[in-house]
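S.K.: Sequence and predicted structure are below.
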Amino acid sequence: MATVEFAILGILHEGPMHGYELRKQLATKLGAIRAAIGYGTLYPTLRRLQAAGLIIEAGEAPATDDTVPPLTSRRGRVVYKITADGKERFGALLAQAGPETWEDAGFGVHFAFFARTDRATRLRILEGRRRRVEERREGLRDVLARAAERLDAYTLELQRHGLEACEREVRWLEELIANERSGRPPRTSPPQENLGRS
């Protein structure tokens with residue numbers, strides 16, 4: 001199942017909501033991944049989930065100023081609710097820990113629902129992601145070692161940036177893995193508290 005479908009099931013597992021609110025919740029939950037979830041993706045995905053019996057329409061919510069997106073009608077919004085089959089499917093997706101969960105989008109969506117994922121599965125996903133990022137890091141090191149003199153300054157800088165991002169992610173993943181193994185939760189301080197510190 002696509003990562004967007006997994007994310008929608010996860011959000012609706014928390015409670016029924018209409019499409020506009022669902023999109024806002026997806027943006028909050030998924031952060032940087034949310035760029036891929038526009039209305040052109042959201043509503044066709046909701047229709048597919050309905051056709052599969054994983055969600056149902058549960059009536060309409062009255063439209064208010066804060067629930068109606070710009071340039072849309074003020075009529076009530078259709079409220080979507082996850083079904084028992086949808087909950088079962090979401091649970092099965094939470095338990096997955098294969099290669100699709102190590103890639104960028106798959107990892108991001110699974111990580112967003114780690115609070116509902118069992119510890120052993122979280123650990124398998126984190127270790128798989130670390131291996132995937134380490135492979136990417138080694139590929140970038142290889143490019144820089146063998147072809148740096150043939151790259152223009154901007155391409156070289158982009159490769160260095162990618163390498164630094166991989167190194168940061170590996171350190172972050174190693175911290176998360178150590179926390180999982182020891183039973184500690186990840187740090188909970190808000191990101192803005194860490195900004196500007198050296």
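M.R.: Alright, I've got the coordinates.
S.K.: Report pLDDT for residue 72.
M.R.: On pLDDT, residue 72 comes in at 49.
S.K.: cool, residue 12 as well?
M.R.: Note on residue 12: pLDDT of 96.
S.K.: residue contacts, the residue nearest to it when sequence neighbours are not counted?
M.R.: The shortest distance from residue 12 to any residue other than its chain neighbours is 4.1 Å, reached at residue 82 (Cβ to Cβ, 6 or more residues apart in numbering). Every residue, glycine included, has its C-beta placed from N, CA and C. For residue 82, the contact set (Cβ atoms under 8 Å, 6 or more residues apart in numbering) comprises 9, 12-13, 16, 54-55, 90.
S.K.: Which of those residues are buried, as a PyMOL select command?
M.R.: In PyMOL, this line selects whichever of the contacts of residue 82 come out buried by 16 or more other Cβ atoms under 10 Å:
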select buried, resi 9+12+16+54+55+90
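S.K.: okay, among the contacts of residue 82, which ones form the most distant pair?
M.R.: Spatial extent of those (Cβ to Cβ) is set by the pair 16 and 90 at 14.4 Å.
S.K.: still on that earlier bit, looking at the contacts of residue 82, which are in helices?
M.R.: 9, 12-13, 90 (DSSP state H).
S.K.: Correct me if wrong: residue 129 contacts residue 99.
M.R.: No. Between residue 129 and residue 99 no contact is recorded; they are 10.1 Å apart, counting by Cβ atoms under 8 Å.
S.K.: follow-up on the earlier one: want to throw the ones in helices among the contacts of residue 82 into CSV with distance to residue 167?
M.R.: CSV is the format used below for those (distance: Cβ to Cβ, whole Å):
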residue, distance to residue 167
9, 34
12, 37
13, 35
90, 34
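S.K.: got the residue ranges for the strands in this protein?
M.R.: 17-18, 55-61, 77-82 (DSSP state E).
S.K.: Let me have these in JSON lines, adding distance to residue 137 and mean pLDDT as columns.
M.R.: Formatted as JSON lines, these follow (distance: least, Cβ to Cβ, whole Å; pLDDT from 0 to 100):
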{"stretch": "strand 17-18", "distance to residue 137": "39", "mean pLDDT": "92"}
{"stretch": "strand 55-61", "distance to residue 137": "39", "mean pLDDT": "82"}
{"stretch": "strand 77-82", "distance to residue 137": "38", "mean pLDDT": "92"}
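S.K.: Make JSON lines from these and add distance to residue 114 to it.
M.R.: Output for these, formatted as JSON lines (distance: least, Cβ to Cβ, whole Å):
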{"stretch": "strand 17-18", "distance to residue 114": "22"}
{"stretch": "strand 55-61", "distance to residue 114": "23"}
{"stretch": "strand 77-82", "distance to residue 114": "19"}
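S.K.: and of those, who's closest to residue 182?
M.R.: strand 77-82 (33.7 Å).
S.K.: partners of the closest one, with directions?
M.R.: strand 17-18 (antiparallel), strand 55-61 (antiparallel) (DSSP bridges).
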